[in-house]
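Enquirer: After the sequence you'll find the predicted model.
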Amino acid sequence: MLRKIRVTLAILFFAAVTLLFLDFTGTIHAWLGWVAKIQFLPALLALNTGVVIALVLLTLLFGRVYCSVICPLGVFQDVVSWLSARRRKKKYRFTYSRPLTWLRWTVLVLFVAAMLAGVGSFVALLDPYSAYGRMASNLLAPLYGWGNNALAWMAERMDSYAFYDTTVWLRSLPTFIIAIVTLVVIVVLAWRGGRTYCNTVCPVGTVLGFLSRFALFRVSIDADKCKECGLCARKCKASCIDVKNHTVDHSRCVDCMDCLDACRHDAIHYKVYKPSTAPVADGKDKGSDGGVDSSRRTFLTVTAAVAASTALKAQEKKVDGGLAVIEDKVAPKRATPIVPPGALSARHFAQHCTGCQLCVSVCPNEVLRPSTDLLKLMQPEMSYERGYCRLECNRCSEVCPAGAIKPISVADKSSTQIGHAVWIKKNCVPLTDGVECGNCARHCPTGAIQMVPSNPADPSSVKIPVVNDERCIGCGACENLCPARPFSAIYVEGCETHHLV
């Protein structure tokens with residue numbers, strides 16, 4: 001029964017998180033957005049104290065149920081492992097293995113060091129929620145989009161508009177490649193060894209694994225009833241059951257309850273844990289429940305570092321009239337990248353963003369895309385080749401689970417300067433072609449661009465734009481709608497710190 005409950009909840013959470021990355025309408029986020037905000041690392045970075053305390057208490061009561069129910073990457077590994085068992089027709093294929101404690105703590109220390117140093121790409125690479133988010137948004141979302149477009153095509157021919165086309169495009173080649181590599185690594189590890197990634201690499205698993213050693217409810221083996229048949233150990237995807245010594249490494253156990261169903265002698269139970277007073281046969285195995293003091297000191301040191309670091313940071317038109325091909329715009333080289341309204345500053349955004357790609361997935365204007373900067377790899381930044389940041393949209397601030405983009409109202413967004421427009425004289429159509437334009441001024445939502453005579457002494461000369469930096473908010477309408485190709489005659493430079501205008 002416990003296993004069925006766990007599997008049902010895991011399927012519901014996994015489906016909910018996946019739908020968040022596939023939904024391009026924004027409707028699902030209104031109902032299920034909270035699922036992303038209860039993920040451990042995003043909640044920690046967002047300083048969502050209530051969520052963090054709830055997850056810690058959940059682990060201290062029931063063990064690592066977070067890893068087997070809430071974490072989408074953990075559930076994905078279970079799916080791969082289940083498929084492997086069916087493909088290979090081996091239900092009992094695992095064996096007990098000693099914990100690689102040194103590797104787990106080394107990765108965690110490096111992870112915390114990266115957070116303190118502001119190396120967001122390393123943090124984003126190891127966070128399990130963000131790793132799954134990249135796979136979902138880069139690999140599953142395009143398939144979902146093409147499927148939607150196929151339905152829209154069929155519906156249109158039946159005079160129905162229940163579906164509409166959505167653009168499917170590659171936002172970042174490096175992030176796409178990382179998503180593929182991550183998928184291959186996770187699938188290979190899960191196919192062969194079940195929860196290998198969770199118990200050797202994942203920093204969240206290491207932290208929760210330490211807490212689970214003190215959980216009230218744990219999987220326990222009754223030595224008097226155990227016949228040492230080994231079925232429970234061969235069913236354990238975490239490889240943490242030592243049948244010989246009748247012990248369970250609770251730091252690696254993810255409470256999947258598979259072992260309970262596997263035992264035929266009623267010797268293994270999930271209940272209030274009572275530590276055994278019997279001596280352990282092999283002193284080297286004390287790492288599963290013994291030697292707590294040194295591990296506790298290490299854990300408290302690392303946790304303090306984490307707390308300190310989080311406190312410090314906390315299908316488009318291609319031709320013109322069907323005749324001339326419109327050349328694609330090329331992104332300018334910005335001295336300062338543009339981060340979304342609500343990010344407060346480039347530093348705050350870089351220190352909190354886990355690169356999960358949720359904001360990229362939901363951006364309806366195709367403005368957000370993953371950065372290719374090595375230190376901020378996979379963290380989103382804004383660019384205006386395909387659209388601009390419309391004043392009425394604040395969807396990215398509504399879905400960010402890590403607090404990298406704070407919730408911001410439409411009114412506040414319209415007065416928040418995230419950048420300022422810069423005019424490039426040599427690209428401007430009135431000067432290169434000698435014709436009137438004024439497209440940037442007409443579409444500026446804040447009236448920050450005015451057209452003035454290019455020759456002050458001749459009022460009838462062609463007019464060129466002048467930017468009022470005090471009124472410009474950096475929305476990118478001017479850059480996106482500028483007819484100059486391939487480089488716009490006006491582009492936006494980001495602001496290191498956002499401020500009101």
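Expert: Thanks, I have it. Numbers count the residues shown, from 1 in each chain.
Enquirer: so what's the spatially most central residue of the chain up against?
Expert: Centroid-nearest residue in the chain: Cys356, 1.5 Å away (criterion: C-alpha atoms, centre = their mean). Residues in contact with Cys356 (C-beta atoms under 8 Å, 6 or more residues apart in numbering) are Ala36, Pro42, Ala124, Asp127, Tyr129, Ser130, Gly133, Arg134, Pro401, Ala402. In short, each C-beta sits where N, CA and C put it, glycine included.
Enquirer: Between the residues you listed, which sits nearest Val339?
Expert: Closest approach to Val339 among the contacts of Cys356 (C-beta to C-beta): Ala402, at 13.3 Å.
Enquirer: Check for me that the closest one belongs to a helix.
Expert: No: using DSSP: H, G, I helix; E, B strand; the rest coil, the assignment for Ala402 is coil, not a helix.
Enquirer: any idea how far the closest residue to it other than its chain neighbours is from Asp165?
Expert: Using C-beta to C-beta, 6 or more residues apart in numbering and skipping residues adjacent in sequence, the residue nearest Ala402 is Pro42, 3.9 Å away. To Asp165, Pro42 is 32 Å away according to C-beta to C-beta, to the nearest Å.
Enquirer: more neighbours, the two?
Expert: Pro42 (26 against 13; other C-beta atoms under 10 Å).
Enquirer: Spell out which helix or strand contains that one, please.
Expert: Here Pro42 sits within helix 40-45, counting by DSSP states H and E.
Enquirer: about what we covered before: where does the residue nearest to the centre of the chain sit: helix, strand or coil?
Expert: Going by three-state DSSP: Cys356 is coil.
Enquirer: Report the separation between it and Val52.
Expert: Taking C-beta to C-beta, one finds Cys356 at 17 Å from Val52.
Enquirer: now do His250
Expert: In terms of C-beta to C-beta, His250 sits 21 Å off from Val52.
Enquirer: For stretch 482-498, measure first residue to last.
Expert: For stretch 482-498, the first and last residues are 25 Å from each other (C-alpha to C-alpha, to the nearest Å).
Enquirer: Next, the buried residues of that stretch.
Expert: Cys482, Ala484, Ser488, Ala489, Ile490, Tyr491, Val492, Gly494, Cys495, His498 (16 or more other C-beta atoms under 10 Å).
Enquirer: okay, the first one: pLDDT?
Expert: In the predicted model, Cys482 carries a pLDDT score of 93.
Enquirer: Report the separation between the residue lying closest to it once chain neighbours are set aside and His420.
Expert: Leaving aside its sequence neighbours, Cys482 sits nearest to Ser488 (C-beta to C-beta, 6+ apart; 4.0 Å). The gap separating Ser488 from His420 is 14 Å, by C-beta to C-beta.
Enquirer: Equivalent analysis for Thr200, please.
Expert: Taking C-beta to C-beta, one finds Thr200 at 47 Å from His420.
Enquirer: Over to Arg264?
Expert: 71 Å.
Enquirer: And the two? Which one has more around it.
Expert: Between Arg264 and His420, counted using other C-beta under 10 Å, His420 has the larger neighbour count: 19 against 10.
Enquirer: What does the more buried one show for phi and psi?
Expert: phi -150, psi 150 (degrees, to the nearest 10).
Enquirer: so it touches Arg471, yeah?
Expert: No: the criterion here is C-beta atoms under 8 Å, and His420 misses it with Arg471 at 9.4 Å.
Enquirer: which residues of the stretch 201-350 of the chain fall in helices?
Expert: Secondary structure of the stretch 201-350 of the chain (DSSP state H, counting those that start in this stretch): helices at 203-212, 231-235, 258-262, 292-312, 346-352.
Enquirer: what's the least confident stretch among those helices?
Expert: Out of those, helix 292-312 stands lowest, with a mean of 56 (criterion: mean pLDDT).
Enquirer: name the element Phe76 belongs to?
Expert: With DSSP H and E as the criterion, Phe76 is inside helix 72-88.
Enquirer: Give the full set of residues in contact with the residue lying closest to Ser414 once chain neighbours are set aside.
Expert: Spatial nearest neighbour of Ser414, chain neighbours left out: Leu391 (4.7 Å); criterion: C-beta to C-beta, 6+ apart. Going by C-beta under 8 Å, 6+ apart, Leu391 touches Val410, Lys413, Ser414, Pro445, Cys475.
Enquirer: Out of the buried residues of stretch 482-498, the closest to Ile221 would be?
Expert: The nearest one, if we look at the buried residues of stretch 482-498 relative to Ile221 and count by C-beta to C-beta, is His498, at 56.5 Å.
Enquirer: Can you spell out which helices and strands pack onto the strand or helix carrying that closest one?
Expert: Using DSSP H and E, His498 sits within strand 490-500. Strand 490-500 sits against helix 346-352, strand 416-423, helix 477-481, with contacts defined as 3 or more C-beta pairs under 8 Å, 6 or more residues apart in numbering; DSSP states H and E.
Enquirer: just checking, what packs against the second one?
Expert: Secondary structure elements in contact with strand 416-423, counted by 3+ C-beta pairs under 8 Å, 6+ apart, are strand 463-467, strand 490-500.
Enquirer: Can you pull out the residues in contact with that strand?
Expert: 336, 338-343, 382, 389, 408, 440, 448-449, 464-467, 469, 472-476, 478-479, 489-495, 498-501.
Enquirer: avg pLDDT for that strand?
Expert: On average, strand 416-423 scores 95.
Enquirer: Tell me what angle that strand forms with strand 490-500.
Expert: Angle of strand 416-423 versus strand 490-500, following axes from the mean of the first three to the mean of the last three C-alpha atoms, to 10 degrees, is 150 degrees.
Enquirer: so where is the protein shaky, pLDDT-wise?
Expert: Across the chain, the ranges flagged by pLDDT under 70 are 275-326.
Enquirer: Strictly from the record, what residue spans define the domains of it?
Expert: What automatic domain parsing lists as the domains of the chain is 2-303, 319-500.
Enquirer: rewinding a little: the residue nearest to Ala402 against Val35, yeah?
Expert: No: judged on C-beta under 8 Å, Pro42 makes no contact with Val35 at a distance of 10.9 Å.
Enquirer: ok so Ala155 is a strand residue?
Expert: No: when classified by three-state DSSP, Ala155 is found to be helix rather than part of a strand.
Enquirer: A helix includes Arg485, no?
Expert: No: if the criterion is three-state DSSP, then Arg485 is coil and not within a helix.
Enquirer: That one touches Val429, doesn't it?
Expert: No: here Arg485 lies out of contact with Val429, judged by C-beta under 8 Å, at a distance of 9.9 Å.
Enquirer: check contacts around Ala54.
Expert: Contacts for Ala54 (C-beta under 8 Å, 6+ apart) come out as Ile38.
Enquirer: quick one: buried residues of the host helix or strand of it?
Expert: Assessed by DSSP H and E, Ala54 sits inside helix 49-62. Across helix 49-62, burial judged by 16+ other C-beta under 10 Å covers Val51, Val52, Leu55, Leu58, Thr59, Leu60, Phe62.
Enquirer: just curious, which of those residues is nearest to Leu73?
Expert: Leu55 (15.6 Å).
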